[in-house]
Each structure stands twice: as structure tokens, then as C-alpha cells.
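> Pasting the sequence and the predicted coordinates here, then a few questions.
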Amino acid sequence: MRYSLLAGGKRVRPVLCLAACEMVGGDESLALPMACATEMIHTMSLIHDDLPCMDNDDLRRGLPTNHKKYGEDTAILAGDALLSFSFEHVAVRTPKTVSPDRVVRAIAELGSAVGSAGLVAGQIVDIASEGDEDVTLEVSLLEYILLDILINFEHL
């Protein structure tokens, strides 16, 4: 887990999480657990995406991928553990000044974003379009995704 999580990178997702918090006038310190969780989930997705059954990559950021360094079995478990830990981290590390109801709603949103209509759906599209050079995202699909995010954001 540490090998992949601390391997470097731009940390765009946590920065975006904190920027969104700031944009709506929130306290960034309250959003840090969610920002960390987004990075854990992103790292899990990279570990799983690199696996032989997915993209079968040998290198990530110039280093051996997790499954090349530790084996496929350990890489799968490292990704699974990061996903589980991301939810635990939000539940346990969010400051007590945030209401439990709000934490549960945030965890539900995170779960939805990772699930069958989010990250997993993106991976399915990636697998299904393997080798297809004519893959494009329609504007209507992007609009649908953005609208869904905005509607769900209003309920947090």
C-alpha cells in the first residue's frame, strides 16, 4: 500500500477536493480526511488498472508497478485495502465538529463515485474500448455526468 500511495505524483484529486471546499467557503481542515481518501482511491485504481487482467503495465511513474514488485496477489490486496481504508479514514478522521449525518452522506457519495456508475463504469469502458482507436466521449454523456455531480452535491 505504501509503495504505491507514496510513489509520488501530482496529488490532483486531493487538491481539487480542498479547492472545492474552499470554493464553497468550507474549512479545509475538515475536508482533509476526504482529500486523503480520494488519493487512496485513486492509488487503488492505478494498482488495479496496472494488473495483467486490465492494462498489464510494468511501470508507473518510472518504477515497477505494484504487481511487478510484490506479485499480482499482493497488488490486488493492496488495492482492496486502500479502498477499504479510504472509507475508514473518512469515518474515523473527520473532526467531531462535523455532524455524523454529514459524514455518512459524504461516505455515501464517495461510495457512489467509486461504484458501478462511477470509477468502475469508467474501467469497464476502458476495457471494452481496448484497441479501439475511435473511442470518444459524447458531450451529452459529459453533461449527464456533470449534472449528476451537481445534483448530488446540492444534497450534501
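On my side now, so go ahead.
> Show me what the helix or strand containing His67 is packed against.
Element membership for His67 (DSSP states H and E) is helix 66-70. Using 3 or more CB pairs under 8 Å, 6 or more residues apart in numbering; DSSP states H and E as the contact test, the elements touching helix 66-70 are helix 2-5, helix 28-50, helix 72-93. Backbone N, C-alpha and C define where each C-beta goes, glycine included.
> Any chance of those helices in CSV with mean pLDDT as columns?
Shown next, in CSV, are the helices and strands packed on helix 66-70 (pLDDT from 0 to 100):
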stretch, mean pLDDT
helix 2-5, 96
helix 28-50, 97
helix 72-93, 98
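> wait, which of those is closest to Glu130?
Across the helices and strands packed on helix 66-70, Glu130 has its closest neighbour in helix 28-50 (12.0 Å, CB to CB).
> For the helices and strands packed on helix 66-70, give me TSV that also has mean neighbour count and distance to Asp132.
Shown next, in TSV, are those (neighbours: other CB atoms under 10 Å; distance: least, CB to CB, whole Å):
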stretch	mean neighbour count	distance to Asp132
helix 2-5	17	28
helix 28-50	21	17
helix 72-93	17	26
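> Those helices: which one's closest to Val12?
Short answer: helix 28-50, nearest of the helices and strands packed on helix 66-70 by CB to CB, at 8.4 Å.
> other SSEs contacting the closest one?
helix 2-5, helix 12-23, helix 66-70, helix 72-93, helix 100-114, helix 119-128.
> picking up where we left off before, so for the helix holding His67, mean pLDDT?
Helix 66-70 shows a mean pLDDT of 98.
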